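**Student:** Following is a predicted model, sequence given first.
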Amino acid sequence: MVFKIASSPYTHNQRSTSRIMLLVTYATLPGMAMLWYWFGWGSLVQIALGILTAVAAELLVLKLRKQPLRILGDNSAALTGLLLGISIPPFAPWWMVVLGTVFAVIIAKQLYGGLGHNPFNPAMVGYVVLLIAFPVQMTSWLPPHTLAATVPGFADSLHAIFSGTTVAGDTMSQLRMGIDGISQATPLDTFKTGLRAGHSATDLLQEPIYTGVLAGIGWQWVNLAFLAGGLFLLIKGTIRWHIPVSFLLALAVCSTLGWMFSPEKCASPLIHLFSGATMLGAFFILTDPVTASTTNRGRLIFGALAGLLVWLIRTYGGYPDGVAFAVLLANITVPLIDYYTRPRAYGHR
């Protein structure tokens with residue numbers, strides 16, 4: 001008989017890594033439901049591909065490293081694939097989510113020693129690699145179904161992801177067409193592209209994607225759904241409030257000041273808060289306990305820094321959304337933040 005030897009205190013905690021990962025997965029369900037409702041089956045297919053690829057990649061590495069396969073039971077690989085699948089455009093080619101997920105699990109996680117040793121969020125590493133390598137495909141989101149000229153079903157979505165066209169032969173360019181015959185983009189992409197073309201913010205807010213809503217048709221509901229999931233995690237005690245609150249507060253303050261001083265060149269706070277990956281980043285990405293700061297003061301600084309970086313990238317950078325880059329840049333600062341915010345030991349200066 002083999003006994004485990006451990007030092008006191010002997011505490012019992014039902015919050016295992018596996019249970020925490022499952023709770024986070026459950027919390028993404030409202031957001032996934034909104035993605036399916038507004039953008040079709042493609043998002044769910046990408047999520048499924050991401051999860052399957054992540055589990056397969058982790059299984060392969062564990063066998064090569066001769067590690068126990070029970071490590072798969074912590075569900076961290078599946079969550080990485082899920083988060084990356086959520087971030088991928090619905091009709092991106094199948095090999096993109098596979099490539100990004102393999103890079104995330106093998107290079108960004110297992111190469112550092114596995115869960116608990118990776119300094120960067122694996123899902124965001126995979127996303128940034130894809131965004132830099134394939135910028136066109138990674139920014140080719142479908143219009144919300146209320147603006148789309150063609151609404152593909154499940155069979156069309158599968159066919160488009162694996163072959164590039166729907167069953168009827170419609171291409172990606174045709175699927176991106178709105179009911180007005182104009183190719184559609186995300187609210188943030190529409191705003192940045194329009195500003196570069198010399199249009200004012202007032203003119204851009206007349207675009208169909210903003211009609212009758214606060215922050216972009218479809219996208220505000222997706223963000224509200226992820227906000228609801230994030231609040232569920234806070235109530236359950238799975239995450240702490242410091243990072244989401246400081247991140248959203250910093251983003252709101254920066255975007256409000258920018259909008260006040262330059263309303264024709266800067267997006268409003270509502271657009272920043274309820275478009276793109278704002279709520280997904282605030283509650284599901286930045287709160288990763290492995291890559292975030294470990295002290296309460298550090299979490300506040302870490303979240304605020306990420307919020308500032310998101311606003312800077314969206315406003316002055318070359319990409320419409322800056323959450324992934326902001327997360328990775330903030331991850332770099334974590335050792336320094338923890339060093340200066342760690343509690344002082346009693347009796348030491």
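**Tutor:** Now that the structure is in, tell me what you want to look at. Residues are numbered from 1 along each chain as shown.

**Student:** Quick check: what element follows the helix or strand encompassing Leu131 along the chain?
**Tutor:** Element membership of Leu131 [criterion: DSSP states H and E] is helix 122-133. Next along the chain after helix 122-133, taking DSSP H and E as the criterion, comes helix 135-138.

**Student:** What's the first helix or strand after that next one?
**Tutor:** Defined by DSSP H and E, the subsequent element after helix 135-138 is helix 154-163.

**Student:** Give the buried residues for that following helix.
**Tutor:** Under the neighbour-count criterion of 16 or more other C-beta atoms under 10 Å, helix 154-163 has Asp156, Ser157, Leu158, His159, Ala160, Ile161 buried. In this view, the C-beta of every residue, glycine as well, is placed from N, C-alpha and C.

**Student:** Stretch 258-276 now?
**Tutor:** For stretch 258-276, using 16+ other C-beta under 10 Å, the buried residues are 258-259, 266-276.

**Student:** do stretch 193-211 as well
**Tutor:** Neighbour-count burial for stretch 193-211 [16+ other C-beta under 10 Å]: Gly194, Leu195, His199, Ala201, Leu204, Leu205, Glu207, Pro208, Ile209, Tyr210.

**Student:** From the opening residue of that stretch to its closing one, how far?
**Tutor:** One end of stretch 193-211 to the other measures 18 Å (C-alpha to C-alpha, to the nearest Å).

**Student:** likewise stretch 116-129?
**Tutor:** Stretch 116-129 end-to-end distance (C-alpha to C-alpha) = 22 Å.

**Student:** tell me the mean pLDDT over it?
**Tutor:** The predicted model gives stretch 116-129 an average pLDDT of 95.

**Student:** Repeat that for stretch 193-205.
**Tutor:** The model assigns stretch 193-205 a mean pLDDT of 81.

**Student:** Pull up the distance across it, start to finish.
**Tutor:** 13 Å.

**Student:** circling back: take the buried residues of helix 154-163 and lay them out in JSON lines including distance to Leu234 and pLDDT.
**Tutor:** Formatted as JSON lines, those follow (distance: C-beta to C-beta, whole Å; pLDDT from 0 to 100):
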{"residue": "Asp156", "distance to Leu234": "38", "pLDDT": "87"}
{"residue": "Ser157", "distance to Leu234": "33", "pLDDT": "88"}
{"residue": "Leu158", "distance to Leu234": "36", "pLDDT": "91"}
{"residue": "His159", "distance to Leu234": "40", "pLDDT": "87"}
{"residue": "Ala160", "distance to Leu234": "37", "pLDDT": "88"}
{"residue": "Ile161", "distance to Leu234": "34", "pLDDT": "90"}
